[in-house]
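Visitor: I would like to see how this sequence folds:
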Amino acid sequence: MTVTKLTPAITITPSAARIESNVALTISGTISGSGPTPTGTVTLTGGGYTSAATSFSSGSYSIAIPANSLSGGTDTLTATYSGDANYVTGSNSTSVAVTTFVPLVPTVTVTPASSSVDTGQTLNVTAAVSGGGPTPTGTVRLSSGSYASAAQTLSSGSYAFAIPANSLSAGSDTLNVAYSGDSIYAAGSNIATVTVTASAYTLSASAPAAVSPGSAATSTVTVGTTTAYAGAVTLTCALTSSPTGASDLPSCTVTSGSPVTLSSTTTTGTASVTVTTTAATSGALVWPGLGRNTISLASFGVAALALLAIFGIPAQRRALRSMLGMFALLLTLGSLAACGGGGAGGSGSGGGGTSNPGTASGTYTFTVTGTGGDPAKTTATTTFTVTVN
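Guide: Below you'll find the model as predicted:
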């Protein structure tokens, strides 16, 4: 048995007969017939636009054509019905006059809160967009050198940026604002110039009291700024000048407080550096011919002979024992006398005295260097002296 499908009735109605290309358009219509309510999908084409296949309900459909989707001129829009088990496919068309839209030219202004700023300061910049039509919408971006903001949505046609400290380079910096445009306004941009001065910090160090060899001296280093420097300053300390021929040179280390962090609310900070000296040491008794801290083997031998002579010979040889004992004792005393008297000689001489005088007396100069954590790695130095008595 052959089943003849019904022919559907298709209507198509645009929301406007004439639009500008930047305006969205809605096409609606119905699919009906002499049998059951049609089902299936509708596809809209024309003016360079093709919609997805759109299902409809109760025989009615609605398709929205986004702004800027239709070409300029008289566009023929066709709604094509897919058909179903009861109805064959079908279509219907309408025409819409589309005027190519020429977007308005916006006016973009860039206004920094100040024409000059230090690198360590935050800079506020207002971007405003206006034009001959409604209040512009869309987004703006701000950039300068290596700094670039995220896109920010306009509110009543403007947005206030805050460029963080240490984001701009020292010199004459150009602030660029780029506007995205919207359905009415074209994209636009503008610039402003600010003078950026490098923020700096200073170092100063207290002078410690004089010390003796073996003692330590501490200097307090103050880090400060009057030009809005912001960042962490790491300190190092080094000996840079000492008396001619000085021995056992003192050392200098940063013992606390580094790095010192400065900000808009903390403009000073301190750290401590410690200078360490070497104490004098005394030499031990040196026996002749054998070097420091060594007793002559000959002396031990003579002493042993003396003891043997006195206590080790039988009583019947008392006279010989006495003579040998006296002889050995004299040799021992002579050897000991030689040990004590040779102190004026070189390395093989004997005697007591100072083997290491420690850090030499005089005035020593130390330099403290600060290295900033800002992008420019700003540096500063200061010096202090320590006198060793």
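
Visitor: In the protein, mark out all the helices, start to finish.
Guide: Under the criterion DSSP state H, helices of the chain are mapped to 297-311, 318-341.

Visitor: So this structure: which segments form each domain?
Guide: According to automatic domain parsing, the chain comprises the domains 9-99, 107-197, 202-280+358-388, 282-355.

Visitor: got TSV for those domains, with mean neighbour count, distance to Val3 and mean pLDDT too?
Guide: Just so you know, the C-beta spots here come from the backbone N, C-alpha and C atoms, and that holds for glycine as well. Shown next, in TSV, are the domains of the chain (neighbours: other CB atoms under 10 Å; distance: least, CB to CB, whole Å; pLDDT from 0 to 100):
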stretch	mean neighbour count	distance to Val3	mean pLDDT
domain 9-99	16	9	96
domain 107-197	17	50	97
domain 202-280+358-388	17	80	96
domain 282-355	14	124	49
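
Visitor: can you list these in JSON lines and add distance to Thr2?
Guide: What follows is those, written out as JSON lines (distance: least, CB to CB, whole Å):
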{"stretch": "domain 9-99", "distance to Thr2": "14"}
{"stretch": "domain 107-197", "distance to Thr2": "54"}
{"stretch": "domain 202-280+358-388", "distance to Thr2": "84"}
{"stretch": "domain 282-355", "distance to Thr2": "128"}
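
Visitor: Look up how far Ser272 lies from Thr225.
Guide: Taking CB to CB, to the nearest Å as the measure, Thr225 falls 20 Å from Ser272.

Visitor: Could you do Lys5 as well?
Guide: 97 Å.

Visitor: now swap in Ser258 and tell me
Guide: As for Ser258, its distance to Ser272 is 9 Å (criterion: CB to CB).

Visitor: Take stretch 264-271, keep the C-alpha atoms, and write them as CSV.
Guide: Coordinates of each C-alpha in stretch 264-271 appear next as CSV, following Å, rounded to 0.1, in the frame of the first residue of the first chain:
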residue,chain,number,x,y,z
SER,A,264,55.3,52.4,51.1
THR,A,265,54.6,51.9,54.8
THR,A,266,58.1,50.7,55.9
THR,A,267,60.7,53.1,54.8
THR,A,268,63.6,52.1,57.1
GLY,A,269,65.0,48.9,58.5
THR,A,270,68.2,47.7,60.3
ALA,A,271,70.5,44.7,60.2
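
Visitor: which outside residues touch it?
Guide: 120-122, 165, 220-226, 228, 230, 233, 235, 254, 256-258, 260-262 (CB atoms under 8 Å, 6 or more residues apart in numbering).

Visitor: One more pass at 10 Å, please.
Guide: 120-122, 165, 201-206, 219-230, 232-235, 237, 254-263, 368, 370 (CB atoms under 10 Å, 6 or more residues apart in numbering).

Visitor: Now do the contacts for the closest residue to Ser149 other than its chain neighbours.
Guide: Nearest residue to Ser149 in three dimensions, chain neighbours excluded: Leu142, at 4.5 Å (CB to CB, 6 or more residues apart in numbering). Counting by CB under 10 Å, 6+ apart, Leu142 touches 110, 125-127, 148-152, 159, 161-163, 175-178.

Visitor: Please list the members of the residues you listed that lie in strands.
Guide: If you go by DSSP state E, these have 110, 125-127, 148, 152, 159, 161-163, 175-178 in strands.

Visitor: just how off-centre is stretch 175-186 within its chain?
Guide: 33 Å (CA atoms, centre = their mean, to the nearest Å).

Visitor: What is the end-to-end distance of that stretch?
Guide: 20 Å (CA to CA, to the nearest Å).

Visitor: What of stretch 130-146?
Guide: Stretch 130-146: ends 28 Å apart by CA to CA.

Visitor: And stretch 253-270, by the same measure?
Guide: Termini of stretch 253-270 sit 15 Å apart (CA to CA).

Visitor: With stretch 218-229 instead?
Guide: Stretch 218-229: ends 27 Å apart by CA to CA.

Visitor: i'd like the first residue to be 2 from this point on
Guide: In the new count, where the first residue is 2, that last one comes out as stretch 219-230.

Visitor: Would you map the strands across the stretch 202-351 of the chain?
Guide: 203-206, 217-225, 232-242, 252-257, 261-263, 269-277, 282-283, 287-288, 292-293 (DSSP state E, counting those that start in this stretch).

Visitor: Any idea which of these gets closest to Ala68?
Guide: Relative to Ala68, the nearest member of the strands of the stretch 202-351 of the chain by CB to CB is strand 232-242, separated by 48.5 Å.

Visitor: Tell me what angle the closest one forms with strand 217-225.
Guide: Angle between the axes of strand 232-242 and strand 217-225 is 140 degrees (criterion: axes from the mean of the first three to the mean of the last three CA atoms, to 10 degrees).

Visitor: relative to strand 252-257, how tilted is strand 232-242?
Guide: Going by the same axes, to 10 degrees, strand 232-242 makes 160 degrees with strand 252-257.

Visitor: Which other helices and strands does strand 232-242 contact?
Guide: The contact analysis (3 or more CB pairs under 10 Å, 6 or more residues apart in numbering; DSSP states H and E) places strand 232-242 against strand 203-206, strand 217-225, strand 252-257, strand 261-263, strand 269-277, strand 363-373, strand 380-389.

Visitor: which stretch among the ones you listed comes nearest Pro135?
Guide: Across these (criterion: CB to CB), the nearest stretch is strand 261-263, sitting at 47.3 Å.

Visitor: partner strands of the closest one, parallel or antiparallel?
Guide: Take DSSP bridges as the rule and strand 261-263 pairs in its sheet with strand 232-242 (antiparallel).

Visitor: and the partner strand, how far out from the chain's middle?
Guide: 20 Å.

Visitor: Stretch 130-139 now?
Guide: Its chain's C-alpha centre lies 39 Å from the corresponding centre of stretch 130-139 when counted by CA atoms, centre = their mean.
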